[in-house]
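>>> what follows is a predicted structure for the sequence shown.
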Amino acid sequence: MNTPDPRRWKKIEVEEYENLVQQVKPKPPLFKHCVWAFIVGGLICLLAQLIMNYLLNQGIDKVAASSYTAVIMIFLGAFLTGIGIYDELGKRAGAGSIVPITGFANAIVASAMEFKREGYIFGVGARIFTVAGPTLLFGFVVAVLIGLIKVFFSS
Amino acid sequence: MPAKKKRGAQTLVFDQPPVLTSWASIAGPKEGQGPWGQEFDWSMEDYLFGEESWEKAENKMLRETVKKALNKRNFDEADAEILMAGDLLNQLVSSNYAARELGIPFLGLYGACSTMAESLLLAAILVDGEYFERVIAAACSHHYTAERQFRFPIEQGIQKTPSSQWTATAAGAVLLEPVGTGPRITAVSIGKVIDMDQKDVSDMGSAMAPAAAHTIKTHFSDLNRPSDYYDLIVTGDLGKVGMAITQELFIKDGLQPEPNYSDCGVLLYDDFQEVYAGGSGCGCSACFLCGPLLKKMAAGEINKLLFVATGALMSPITSFQGESIPAIAHAVAIEN
């Protein structure tokens, strides 16, 4: 008679358990999340568009107007984080409030607020990009790559 | 010579079962508004508890809970002979700093959310072994100190999954003595670290359920007790997901008749409190034991309780490195 291999036995046990977990574990309400993300994300973009249209009507040129719009949206994201509204929004809207530029402001301001008690150097200074760091790093990397592509292929 | 007080593989019994002569609990603002809010000695109005930081608030919670448990017996800090306590933070700062101010000889324990059972069982061993006469077992957790260590900044807009849990802001402390009136600890089972290869850090219940089921099954077989021996078996913080899985595992393990079973993480909050699958953290089981459960035991509504606190023994670092989540559960039998 073969002696059972304990590692193989453990593997079967783990697989069986995984099946049980998948049966019991509640699935995230994807449809509801999508609707919330669509509406909130859409509203944030609509607001930005309204601001931009207003600035263009004031006779500001297009490049400057889009910069001003981004600055205003970042301020709003930071402000709503500061008064504790943005996280409530994010709980429901998910990607709808994370993907727009306001979400980026939220990630940075939330980290800054979180680590303020550890001081301005080792707290705020060292930790402010804890969450936003990857976005910045890989954003820069992609920007450099696309810049290189432009240099090589546009000549 | 075989160990006189050991039964089976993992269980110890006591010649002179130590008595829980006094207990105290503090609950956070959210826990205070839950269905058991009136059963705690103290409900905090805000998360800072009159302090400058959440870490200091957590330290104060533990300190005040220990003092309260001693005061109820007309003792003060100088009367306590040893404090065994733990929390969730790196280097056990809340417990260490509380012990600094209390001035009681101190052993810091880390069992993640299983700490209350770990401190209780060790305290029982020390009292039954006639080493000490007044031992304090305690544990605490704070929602915001745990969030910042294990997860994301508080103000960040993050969407949580339905299986995630809410770290309780709460603390509990128990005074154990060799004689006196109160419920007694009759047996304890020390758990094994069980890992079923679960890796989802927003689902601690699934990671911990096998450990809970294993310890409970071993407890019954070590003591040869029927599975309906206890009026109530309560796990620490498995939440709704872990509790459902544990019930399935009871059936699979052949625990018949099925024990009367619930979970502190599920009981501590109302459904509308947005805690997803339920509460977690050392404080969750600690405050629920030292609040509603022991009160019910003192009133004779529960006479035989099996308290099984469960802990997920991971850290953010091991999780990012792709490690699975090991879990542990210790059982403490408390009887009138």
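Received, thanks. Predicted, not measured: the structure shown is a model, and the values here were computed from it.

>>> any idea how far B:Lys240 is from chain A?
Separation of B:Lys240 from chain A (Cβ to the nearest Cβ, to the nearest Å): 8 Å. The C-beta positions use only the backbone N, C-alpha and C, and glycine is treated the same way.

>>> an error on my part: the question was meant for B:Trp23.
32 Å.

>>> element containing that residue?
Per DSSP states H and E: B:Trp23 is located in strand B:19-27.

>>> pLDDT of that strand, averaged?
Averaged across strand B:19-27, the pLDDT comes to 96.

>>> same check on stretch B:310-325?
Per-residue scores along stretch B:310-325 average to 92.

>>> so is that stretch next to chain A?
No - residues of stretch B:310-325 are not located near chain A by Cβ under 8 Å from any Cβ of the partner chain, the shortest gap being 9.3 Å.

>>> for that stretch, C-alpha coordinates in PDB please.
The C-alpha coordinates for stretch B:310-325 follow below in PDB (Å, rounded to 0.1, in the frame of the first residue of the first chain):
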ATOM      1  CA  THR B 310      -9.000  34.000  16.600                       C
ATOM      2  CA  GLY B 311      -6.000  35.800  15.100                       C
ATOM      3  CA  ALA B 312      -4.600  36.300  11.600                       C
ATOM      4  CA  LEU B 313      -0.900  36.400  11.900                       C
ATOM      5  CA  MET B 314       0.200  38.300   8.900                       C
ATOM      6  CA  SER B 315       1.800  41.700   8.300                       C
ATOM      7  CA  PRO B 316       1.600  44.100   5.400                       C
ATOM      8  CA  ILE B 317       5.100  43.200   4.500                       C
ATOM      9  CA  THR B 318       4.500  39.400   4.200                       C
ATOM     10  CA  SER B 319       1.300  40.100   2.300                       C
ATOM     11  CA  PHE B 320       3.100  42.200  -0.300                       C
ATOM     12  CA  GLN B 321       5.700  39.500  -0.600                       C
ATOM     13  CA  GLY B 322       2.900  37.100  -1.600                       C
ATOM     14  CA  GLU B 323       2.800  35.000   1.600                       C
ATOM     15  CA  SER B 324      -0.500  33.500   2.600                       C
ATOM     16  CA  ILE B 325      -2.200  34.300   5.900                       C
END
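
>>> buried set for that stretch?
Buried residues in stretch B:310-325, counted by 16 or more other Cβ atoms under 10 Å in any protein chain shown: B:310-314, B:324-325.

>>> for stretch B:29-42, same thing?
Of all the residues in stretch B:29-42, those buried under the rule 16+ other Cβ under 10 Å are B:30-32, B:34, B:36-37, B:39-42.

>>> and the end-to-end length of it?
Start and end residues of stretch B:29-42 are separated by 10 Å (Cα to Cα, to the nearest Å).

>>> check contacts around A:Ile44.
A:73, A:96-97, A:100, A:102 (Cβ atoms under 8 Å, 6 or more residues apart in numbering or on different chains).

>>> circling back to that earlier point, so can I have JSON lines of the buried residues of stretch B:310-325 showing secondary structure?
Formatted as JSON lines, the buried residues of stretch B:310-325 follow (DSSP: H, G, I helix; E, B strand; the rest coil):
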{"residue": "B:Thr310", "secondary structure": "strand"}
{"residue": "B:Gly311", "secondary structure": "strand"}
{"residue": "B:Ala312", "secondary structure": "strand"}
{"residue": "B:Leu313", "secondary structure": "coil"}
{"residue": "B:Met314", "secondary structure": "coil"}
{"residue": "B:Ser324", "secondary structure": "coil"}
{"residue": "B:Ile325", "secondary structure": "coil"}
